[in-house]
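# no sequence on hand, only this structure:
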Ligand SMILES: CC(=O)SCCNC(=O)CCNC(=O)[C@H](O)C(C)(C)COP(=O)(O)OP(=O)(O)OC[C@H]1O[C@@H](n2cnc3c(N)ncnc32)[C@H](O)[C@@H]1OP(=O)(O)O
């Protein structure tokens with residue numbers, strides 16, 4: 001792409017193609033080129049796909065043969081519709097960029113660059129102020145203005161690890177069952193969407209954080225195909241904790257069993273761990289950390305401040321590791337900045353650079369009351385802080401502080417004191433993290 005070409009320009013010989021369900025096989029074929037997998041395209045073809053087809057776009061190329069008489073694909077990208085993506089104290093329409101792949105033969109020719117250009121254009125047309133994603137490789141998306149906005153915690157917790165007591169935890173009854181949409185679908189959907197600390201304005205965006213918002217995503221979640229049971233994992237199981245007959249939390253999990261000379265050394269792999277309060281969290285973790293024949297429990301994608309980190313008497317024994325979780329691209333600066341809440345009063349002018357979306361570039365005055373309404377307007381005033389839109393995305397969910405970014409030279413303070421005040425305001429009482437990969 002040269003500077004006088006539109007951001008959506010594909011190299012010569014390539015064309016965008018709006019995908020439909022008729023492209024299913026071609027899409028899966030391309031996907032298994034991008035993401036090598038032992039299963040065949042035919043095996044994947046039998047599965048429920050989580051895609052919303054209107055949001056799936058392919059790139060076809062001269063001379064690329066495809067199945068079913070249609071042209072094959074050189075690249076693909078899609079997005080999930082999140083009408084209510086959780087941001088601090090609120091929700092915003094967000095496009096979850098996903099299924100990004102380029103055939104190895106066509107890589108490094110600018111196909112991803114053009115696909116992202118088109119994706120961002122579509123986001124603006126649809127009024128989506130944000131785009132979010134999970135990155136296959138962390139070096140890919142920063143150049144497109146995505147910032148690492150959340151981390152998650154990986155643990156290896158020894159079986160029987162001691163937990164601190166929480167009053168009321170032992171008043172829960174426990175159900176351990178095969179995960180079943182008919183039996184558990186309603187309670188899983190309801191608890192996953194429940195706001196945390198509803199007494200805070202807008203809630204605090206827990207327990208389940210970003211939730212599945214399309215039928216296709218739920219169909220895929222509940223279909224539990226053998227294809228995805230890697231490493232000897234069993235079918236999906238669920239533990240539900242109830243108090244006074246009401247579900248107060250649930251966790252999905254799968255066990256693997258490993259017989260050693262010294263005895264069984266199985267692993268519990270958790271999926272969602274969703275609790276409405278501390279007692280329910282303590283009850284759930286008590287079950288997950290004490291299943292017979294297991295040696296360890298390995299939670300996946302926990303928020304860095306998940307209750308278990310404070311409940312474990314010996315957190316160091318759980319070998320905590322941190323990995324990048326959601327990346328955020330601010331697509332519409334004023335809508336995004338006015339659309340979240342702030343944990344301290346703030347009045348700051350941000351000078352934003354955005355090489356790909358010029359409407360975002362310039363000075364923006366952000367004003368907000370602590371946990372109250374916010375406004376954001378373009379201004380001619382000189383900026384108090386300067387930053388690239390990538391850093392704005394990194395700080396947006398409150399998971400990365402502006403001061404930390406300034407410490408790396410990525411935010412520049414022009415008005416003394418502005419950095420500390422803005423950092424305090426952009427933070428949030430609970431850490432963001434999505435418990436499932438989209
Ligand atoms: C949200 C998701 O779905 S994440 C899944 C992403 N998909 C994958 O990782 C599957 C395997 N990889 C691929 O399919 C491809 O290599 C992609 C999609 C990562 C990149 O597609 P390409 O068409 O090769 O990218 P494109 O040619 O537009 O490159 C744009 C720039 O990104 C850089 N880049 C591309 N991929 C990578 C990478 N994996 N690591 C580091 N830099 C990269 C290129 O070098 C180029 O840099 P430049 O602008 O300085 O020249």
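Here it is on my side, so go on. What you are looking at is a predicted structure, and each value in this text was computed from that prediction instead of being measured. Numbering: from 1, shown residues only.

# list the buried ones in the longest helix anywhere in the chain?
Assignment by DSSP state H gives helix 111-126 as the longest helix of the chain. Buried residues in helix 111-126, counted by 16 or more other CB atoms under 10 Å: 111, 112, 113, 114, 115, 116, 117, 118, 119, 120, 122, 123. No exception for glycine: its C-beta is placed from N, CA and C like everyone else's.

# what's the mean pLDDT across it?
Helix 111-126 shows a mean pLDDT of 98.

# what's in contact with stretch 311-325?
Residues outside stretch 311-325 that contact it (CB atoms under 8 Å, 6 or more residues apart in numbering): 134-135, 138, 148-158, 161-164, 166, 281-282, 285, 301, 304, 309, 432-434.

# end-to-end on it?
Distance across stretch 311-325, first residue to last, is 22 Å (CA to CA, to the nearest Å).

# any residue of the longest helix of the chain touching the ligand?
Yes: using CB under 6 Å from any ligand atom, helix 111-126 comes into contact with the ligand via 111, 112, 113.

# show me the shaky parts of the chain.
The chain contains residues with pLDDT under 70 at 1-4, 65-71, 197-206.

# returning to that earlier point: can you put the buried residues of helix 111-126 in a markdown table and add distance to residue 92?
Shown next, in a markdown table, are those (distance: CB to CB, whole Å):
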| residue | distance to residue 92 |
| --- | --- |
| 111 | 29 |
| 112 | 25 |
| 113 | 26 |
| 114 | 26 |
| 115 | 23 |
| 116 | 20 |
| 117 | 22 |
| 118 | 21 |
| 119 | 17 |
| 120 | 16 |
| 122 | 16 |
| 123 | 11 |
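
# of all these, which comes closest to residue 87?
Lowest distance from residue 87 to the buried residues of helix 111-126 (CB to CB) belongs to residue 123, with 15.0 Å.

# what's the following helix or strand past the longest helix of the chain in contact with?
Next along the chain after helix 111-126, taking DSSP states H and E as the criterion, comes strand 130-133. Identification of contacts with strand 130-133 by CB under 8 Å, 6+ apart yields 79, 82, 85, 87, 92-98, 100, 119-120, 123, 141, 146, 149, 210, 326-332, 336, 396, 438.

# which non-adjacent residue is nearest residue 47?
Spatial nearest neighbour of residue 47, chain neighbours left out: residue 225 (5.1 Å); criterion: CB to CB, 6 or more residues apart in numbering.

# correct me if wrong: residue 350 contacts residue 361.
No: using CB atoms under 8 Å, residue 350 is not in contact with residue 361; the gap is 11.1 Å.

# so between these two, which is more surrounded?
residue 350 (23 against 16; other CB atoms under 10 Å).

# quick one: the more buried one from the ligand, how far?
26 Å (CB to the nearest ligand atom, to the nearest Å).

# again with residue 18
Relative to the ligand, residue 18 is positioned 18 Å away (CB to the nearest ligand atom).

# next, count neighbours for that residue.
Using other CB under 10 Å, residue 18 is surrounded by 11 other residues.

# what helix or strand does the nearest residue to it once chain neighbours are set aside sit in?
By the measure of CB to CB, 6+ apart, the closest residue to residue 18 outside its immediate chain neighbours is residue 57, 6.1 Å from it. Here residue 57, judged by DSSP H and E, is contained in strand 56-65.

# ok, that strand: who's next to it in the sheet?
strand 14-18 (antiparallel), strand 71-87 (antiparallel) (DSSP bridges).

# can you tell me which of these comes nearest to residue 181?
strand 71-87 (19.3 Å).

# please name the bridge partners of the closest residue to residue 334 other than its chain neighbours.
Nearest non-adjacent residue to residue 334, counting by CB to CB, 6+ apart: residue 376, 4.3 Å away. For residue 376, the beta-bridge partners under DSSP bridges are residue 366.
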